[in-house]
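In: Give me coordinates for this.
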Amino acid sequence: MNFEQRLGAEQTSDNQWLYRLGVELNGGFGGTNGGVLAAVCVNAARRASGNRQPVGLDARFIRGFKPGTCKVVTTELNKGRTLSTLSVDVFDETGRLTTRCTVSLIDPDALAAVGSQEVAPAEGSLTPFDEGKIWREPQGQPIPLIETFKPRFLGRNSQGIATGVNVIWDEGNSLEEACCIAADISVGPPVASALAGKRVPTPNPDLSLRFTSSGDLPASLVSTCRLESLNAGLATTRLEVRNGERLLAVGVSTTTCLKPAA
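Out: Numbering: from 1, shown residues only. Presented below is the predicted three-dimensional model:
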């Protein structure tokens, strides 16, 4: 099963698709996980660009998406000999805009065969994936994605807190889509750790990633996220996604630490 089959994707016109996002993809705030929405945007942009390779994502989660069928509309901003840039909008079943992304994609055949040794993994050993501690739902706060993606705590290293995440499809050229989900799921732990148990809602309204490597789709990924700043209710995190020692993506995200509802 590939990504499109897993989410019931259906193309309805040259630049529009439908994706079916069930409750099993929800995070802790009653809506679809932002990483899933970002992955949908990357997937639609990939298809609209003629299957060029995604190299960058900038996602803004404007409002929560309730489970259901989303309409995804792509707008080509530029298609050059080497690089394509697309704007991607996600609408809910009422027609409201919920997510806007900018996705950059490359024609791999235009790139020179040059490279250098990859940066070594962060210092500090992590727990093997299969031995990681799967997350538990906080009392009174359902998080359906825990059952779906089996996120697990793998320890800490110099890059922050490591979270292992299952990939829930097993075919197709969709490694970047999987990176979006792993990255977004990993944002929460370092912020929660810094808040030391305070019951504060902490949604992240954005995610930016730069994809460093493409290739085969693994059964799981590890995203390590580090808190860079927590000031006046805004947290900034830096993250990286890996398959083993291979670096797949680097990124940043903002988290808003909200006052509890009255």
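In: can you list contacts of stretch 62-75?
Out: The contact list for stretch 62-75, computed with Cβ atoms under 8 Å, 6 or more residues apart in numbering, reads 12, 15-23, 25-26, 29-32, 37, 40-41, 44-45, 48, 86-93, 96-100, 205. In short, each C-beta sits where N, CA and C put it, glycine included.
In: Now, of the residues you listed, which are buried?
Out: Taking 16 or more other Cβ atoms under 10 Å as the criterion, what is buried in these is 15-17, 19, 21, 25-26, 31-32, 37, 40-41, 44-45, 48, 86, 88-92, 98-99.
In: Okay, and which of these map to strands?
Out: Secondary-structure check on the buried ones among the contacts of stretch 62-75 using DSSP state E: residues within strands are 16, 17, 19, 21, 86, 88, 89, 90, 91, 98, 99.
In: Would you mind checking which of these is nearest to residue 127?
Out: residue 21 (30.8 Å; Cβ to Cβ).
In: quick check, distance from stretch 85-98 to the centre of its chain.
Out: Stretch 85-98 has its C-alpha centroid displaced from the chain centroid by 17 Å (Cα atoms, centre = their mean, to the nearest Å).
In: Let me see the mean pLDDT of it.
Out: With pLDDT averaged residue by residue, stretch 85-98 scores 98.
In: what's that stretch in contact with?
Out: The contact list for stretch 85-98 (Cβ under 8 Å, 6+ apart) reads 37, 40-41, 44-45, 48-49, 61-66, 68-78, 99-105.
In: For that stretch, measure first residue to last.
Out: In stretch 85-98, first residue to last residue: 20 Å (Cα to Cα, to the nearest Å).
In: Then stretch 138-146?
Out: Stretch 138-146 end-to-end distance (Cα to Cα) = 11 Å.
In: Over to stretch 191-205?
Out: Stretch 191-205 has an end-to-end distance of 14 Å (Cα to Cα).
In: could you measure residue 230 against residue 151, distance?
Out: 22 Å (Cβ to Cβ, to the nearest Å).
In: between those two, which one's more packed in?
Out: Just comparing residue 230 and residue 151: by other Cβ atoms under 10 Å the higher neighbour count belongs to residue 151, 24 against 16.
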